[in-house]
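> fold the following.
(2 chains)
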Amino acid sequence: MIVAERKPFDEIMEMVASCKRVLVLGCGGCVTVCLTGGERQAEMLASQLRLAAGAKGLAMEVDFDSITRQCDKEFFANLKKDLASYDAVVSIACGVGVQYMGEQFASARILPGMNTQHLAANTAPGVWTEYCHGCGECVLAWTGGICPIARCSKSLVNGACGGTNHGKCEVKAEMDCGWLLIYKKLQETGRLDELRKLRPPRNWRKDRSDGVRRLVLKDMVEEETKS
Amino acid sequence: MSKTDLTSDALAGLAGTSELLERQWAPCRYNCPVHADVRAYVELIAQGRWREAIDVIRDALPFAAVCGRICHHPCESNCRRTDIDSPVAIREVKRFVAELQGARGASVRKPARQDKAKVAVIGAGPAGMSAALDLARLGYRPTVFEKFPVGGGIPATAIPKYRLPRDVIQMDVDWICAHGVELVTGVEIGKDKTVDDLLNKAGFAAVIVAAGLSRSRSLPLPGGDHPRVMGVLDFLTALAFDKPVEIGRDVVVIGGGNVAIDAARSAVRLGAARVRAVCLEDEQEMPAWQWEQDEAREEGVAFIHRRGPVEVVRRGDQVAGLKTRKVTRVFDEQRRFSPQYDDSDTGVLECDTIILAIGQMADTGFVAGSALKLDSRGRLEYNPATHQTSVPNVFACGEIVTAPGSAVEACANGQRAAKAVDAFLSGREIRIDDALPPSIGKIDPDSPCFQAVKRAQRTAVAVEPAGKRSRDFAAVDHNLTIEQALTEARRCMSCGSGAEVLVDKCAACLTCLRVCPFGVPKVIDVARIDSDLCQACGMCVADCPANAIIAKGWQPGSLIERTKKELAALKGRKVVAYVCGHYAPATAWSAQGEDAIPGVAEIYLPSMCRLSTAEMLHALEAGAQGVIVVAAEIGADRYPGATERIRKRVQQGRDLLQEIGLDAGRLVLVEEASKGREAVRAAIAAAADAIAPM
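Residues are numbered from 1 along each chain as shown, chains lettered A, B, ... in the order given. Okay, here's the model as predicted:
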């Protein structure tokens, strides 16, 4: 799932400092699961904004709301608040939600309350670790189920670089070397031969190099969106 | 609607959480014949909210004080705490609050207009008075006719005073009468007035016969026609009205029920040197409650089992003994009463007095001069579905038409009859809906929850030593003290009032599963919280990131409302202390303690797990200069892990304050809640002074 971290408070405060009415809008999807952007976090950020505004002598009214997902417009009908009546809406969804809400509510000013981070697994209570980069061309079949794109700092596809240091990454010392993990896994499972094959250069267009990506399911699309 | 179907859309139609609570009942309420909301009143007692507690009790149970003393308490017998350690002493906490509040303690709620039809009730026992009360509450004008000089029925005329002092009964009778129930004592229907008089001359639109079972069943024993061979009710009623009763030194009571034990223990108090109760049943079959048997034994009553009376042995004009024979069985294969005897095994119990306590029967004298019919066995004809007798506007309820039972069962039957009368007089078909919500189940002993619930010893009721209590008719046991009542009520596990998942908000994030001290939530597609297991601590409610878990038993939003109100009442410094109420003295809850700390609003919470970080911030928003969270020390917390979790929430709150440039020191955690009022007070005062000196 997508994990996102709340922006530093000062940054949010600066965005809304001139506003009289602010809505903090949570999302019931990924950011609720990673405990940073759900209804309760919206409630707490709203509380912080009111307290800070009060301390600064600003007359700011702050409400909160949350919907099931900010990335599906059908859920917008469930909004209990009228976005257009606020000077700013601080979305604490991922960046998708911020933009998509903005697109759908042209008259509202949707601001990001989060820094969207990565695709993660919940590796321990309160800990979300990146496992997938969303590169568009999965290689996990021959890497022992460990992603060299996401878990090697250099996203190398043909083995470790020379910077591996006692199993740790030279880019980030606390991070395991992704390629060492791959090597060990293949060794354990008797599949080291996979590494003898030289992998051709990846098609990076499937990552970000070919512009905005779109997934289209032919059996589901309606006529007007097929083009 | 099953509990998993609850969505926030469905919730939108709910008024508060009461509708949620009504969907499933705790077994204490389910099994109570009048379905008193036991959990609600025990929780109120646990908070020292006496007035509200007695109102909840009396809402369903008119004879709250009587039942506090003598109820057979099916609530306790079905208490889910039984499997954990021992049931909550529900009857004792009820007694405590009923007697503490007295006759005028509970609110009297009656309609502004009581101008509906007049209804006569025959018999001022639990059934009749309960029927009259409910009719008065519906706007009718009930008059209760009682042949004895006091109201209360059997509790007043036969139950010995050592079990039920008269002023206790009077509390209930007075409270019922305050609702516009007229009680006319010393009038015997069938003798002084007839049912027909009531209907045709006195202007009553309906009559309810609730005459009870006021006569002893007799046994045609050869030689039994003697003043020293007496019916149990004659004996007990004479005692109840302080009339002289002559018994000898050596008493045999025939019977194995509770009334037989009342007679035996009364005989001990009258000075009999030897009192024996002889009954057909063995110790296990005997219908008397075990604790009654135990207390009787302690007072010197001996039980002789499996003997049936044959004849009274006379020596001259004196009673000399009771001839008995061996009982080979009491019940047949279908558990019907069908005793068989071995006539070759007989013996004589020497005695000079015999009390027959083999059951009671109705005094049907009220039939005289009316069209009421008795069946072939002399019982009043009546339809249990409609409570109607052979005369359509004469109804019947209570023990005269049901099996002999306890006071609370009679109350329930009287209430049912009141519904029937109301339907009849309103021109509706009499159709009484006896359907109940389902009861929540047992706690699975193999669940982690079962192990995690903190064990807590049941509060023992102080009982006078046997040697002292057998000397007179003074009450044998003591009421709980305030501290004991609080401690005991806090053992209640709040069954069925816990978490409810709003499935369309749930993101299946697993937080509930991770924070629950009892391992109750399961996340399958969404979170599922089994109400059989939930301990209502509120941990998940306060931590759910989606606000997708609500509490059935309380409104989280109400805390901040209360906080605002209390802050507004403070002068000068404004500090809020949210204090764990588990150890709080009764005065703490009232917020009127004489030892209030200046400029501090102390707000007690039944569970600290319910206090969310957001609520701590909201208190500051409401104008508090500081928030002091007073939790119990780790290990003393009511719910395992509660204080550790509260620490994290307070730290989170402090971080959020720091982030916005406010002093994190405005949010303080004190872990001393179990150390007693003085220590808690001192800790709060010190923390408040550190935040905002006076």
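> what is the burial count for B:K323?
Using other Cβ atoms under 10 Å in any protein chain shown, B:K323 has 17 neighbouring residues. Using the backbone N, CA and C atoms, a C-beta is placed for each residue, glycine as well.
> contacts only, for it.
B:309-313, B:346-348 (Cβ atoms under 8 Å, 6 or more residues apart in numbering or on different chains).
> next helix or strand past the helix or strand that contains B:R314?
In the assignment (DSSP states H and E), B:R314 maps to strand B:307-315. The helix or strand immediately downstream of strand B:307-315 is strand B:318-331, counting by DSSP H and E.
> quick one, that next one and strand B:307-315 angle?
Going by axes from the mean of the first three to the mean of the last three Cα atoms, to 10 degrees, strand B:318-331 is angled at 170 degrees with respect to strand B:307-315.
> buried set for strand B:318-331?
B:319, B:321-325, B:327, B:330 (16 or more other Cβ atoms under 10 Å in any protein chain shown).
> tell me the two of the residues you listed that are most distant?
B:V319 and B:V330 (25.9 Å; Cβ to Cβ).
> ok, the residue of chain B found nearest chain A - contacts?
Chain A sits closest to B:P545 of chain B, with a gap of 3.5 Å, by Cβ to the nearest Cβ. Applying Cβ under 8 Å, 6+ apart, we find B:P545 in contact with A:32-33, A:35, A:38-41, B:507, B:509, B:511.
> now do 7 Å
A:32, A:35, A:38, A:40-41, B:509, B:511 (Cβ atoms under 7 Å, 6 or more residues apart in numbering or on different chains).
> with A:V96 instead?
A:C71.
> repeat that for the one 4 residues further on.
In this structure, A:Y100 makes contact with A:70-71, judged by Cβ under 7 Å, 6+ apart.
> now do the helix or strand where it lies: distance to the chain's middle.
Using DSSP H and E, the element containing A:Y100 is helix A:95-104. Distance, stretch centre to chain centre, for helix A:95-104: 13 Å (Cα atoms, centre = their mean, to the nearest Å).
> residue contacts, B:L425?
B:117, B:205-206.
> quick check, nearest of those to B:R81?
Using Cβ to Cβ, the contacts of B:L425 come closest to B:R81 at B:A206, 43.0 Å.
> what is the neighbour count of the closest one?
B:A206: 26 surrounding residues under other Cβ under 10 Å.
> so what's it bridging to?
Beta bridges link B:A206 to B:V119, judged by DSSP bridges.
> distance of the closest residue to chain B within chain A from A:V3?
Taking Cβ to the nearest Cβ as the measure, chain A has A:G38 as its residue closest to chain B, at 3.5 Å. As judged by Cβ to Cβ, to the nearest Å, A:G38 and A:V3 stand 13 Å apart.
> comparing these two, which residue is more hemmed in?
The neighbour comparison of A:G38 against A:V3 (other Cβ under 10 Å) goes to A:G38, with 30 against 23.
> my guess is that one contacts A:C30, does it?
No - A:G38 is not in contact with A:C30 according to Cβ atoms under 7 Å; the separation is 10.0 Å.
> give the residues shared as contacts by those two.
By Cβ under 7 Å, 6+ apart, no residue touches both A:G38 and A:C30.
> in chain A, which helix has the most residues?
As assigned by DSSP state H, the longest helix anywhere in chain A is helix A:39-56.
> how about the strands in chain A?
Secondary structure of chain A, counting by DSSP state E: strands at A:2-6, A:21-27, A:61-67, A:88-91, A:110-112, A:114-124, A:127-132.
> shaky segments in the chain?
Let's take chain A. For chain A, applying pLDDT under 70 flags the ranges A:224-227.
> hmm, no, I was thinking of chain B.
B:1-17, B:103-104, B:591-593.
> what does it put close to chain A?
Within chain B, the positions lying close to chain A (Cβ under 7 Å from any Cβ of the partner chain) are B:505, B:507, B:509, B:511, B:514, B:544-547, B:613-614, B:617-618, B:620-621, B:656, B:659-662.
> re the thing from before, let's have the contacts of B:L425 in TSV, adding distance to B:E633.
What follows is the contacts of B:L425, written out as TSV (distance: Cβ to Cβ, whole Å):
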residue	distance to B:E633
B:A117	62
B:A205	64
B:A206	62
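> for chain B, what are the nearby residues on chain A?
Counting by Cβ under 7 Å from any Cβ, chain A sits next to chain B at A:9, A:28-29, A:32-33, A:35, A:38-41, A:43-44, A:47-48, A:50-52, A:55, A:125.
> now do the helices in the stretch 551-694 of chain B.
B:557-569, B:586-590, B:613-621, B:642-659, B:677-691 (DSSP state H, counting those that start in this stretch).
> in contact with B:I684, which residues are there?
Contact analysis of B:I684 by Cβ under 7 Å, 6+ apart lists B:577, B:597, B:600, B:602, B:628, B:630, B:670.
> so which of those residues is the closest to A:V22?
Closest approach between the contacts of B:I684 and A:V22, by Cβ to Cβ: B:I628, at 29.6 Å.
> neighbours of the nearest residue to the closest one once chain neighbours are set aside, how many?
Excluding its sequence neighbours, the residue lying closest to B:I628 (Cβ to Cβ, 6 or more residues apart in numbering or on different chains) is B:A577, at 4.2 Å. Using other Cβ under 10 Å, B:A577 is surrounded by 26 other residues.
> cool, and B:G676?
12.
> care to break chain B down by domain?
Domain assignment for chain B, taken from automatic domain parsing, gives B:1-22+B:496-553, B:25-106+B:443-489, B:118-212+B:362-425, B:216-360, B:557-691.
> mind listing what B:L44 touches?
When contacts are counted by Cβ under 7 Å, 6+ apart, B:L44 touches B:52-53, B:56.
> scratch that, B:E299
B:E299 neighbours (Cβ under 7 Å, 6+ apart): B:265, B:268, B:466, B:469-470.
> please parse chain A into its domains.
If you go by automatic domain parsing, chain A breaks into A:2-118, A:133-196.
> most tightly surrounded among those?
domain A:2-118 (a mean of 20; mean count of other Cβ atoms under 10 Å in any protein chain shown).
> next one: the closest residue to B:A368 other than its chain neighbours from B:T364, what distance?
Nearest residue to B:A368, sequence neighbours excluded (Cβ to Cβ, 6+ apart): B:G190, at 4.1 Å. For B:G190, the distance to B:T364 (Cβ to Cβ) stands at 8 Å.
> with B:P517 instead?
Distance from B:P517 to B:T364, by Cβ to Cβ: 59 Å.
> surely B:M230 is within a strand?
Yes - counting by DSSP: H, G, I helix; E, B strand; the rest coil, B:M230 is located in a strand.
> give me the spatial nearest neighbour of it, chain neighbours excluded.
Spatially, and ignoring its direct neighbours in sequence, B:M230 is nearest to B:I355 (5.7 Å; Cβ to Cβ, 6+ apart).
> which SS class is that neighbour?
strand.
> tell me what it is bridged to.
B:M230, B:V253.
> okay, now it: neighbour count?
When neighbours are defined as other Cβ under 10 Å, B:I355 has 29 of them.
> about what we covered before: now the domains of chain B in a markdown table, with distance to A:A17?
What follows is those, written out as a markdown table (distance: least, Cβ to Cβ, whole Å):
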| stretch | distance to A:A17 |
| --- | --- |
| domain B:1-22+B:496-553 | 27 |
| domain B:25-106+B:443-489 | 44 |
| domain B:118-212+B:362-425 | 60 |
| domain B:216-360 | 71 |
| domain B:557-691 | 13 |
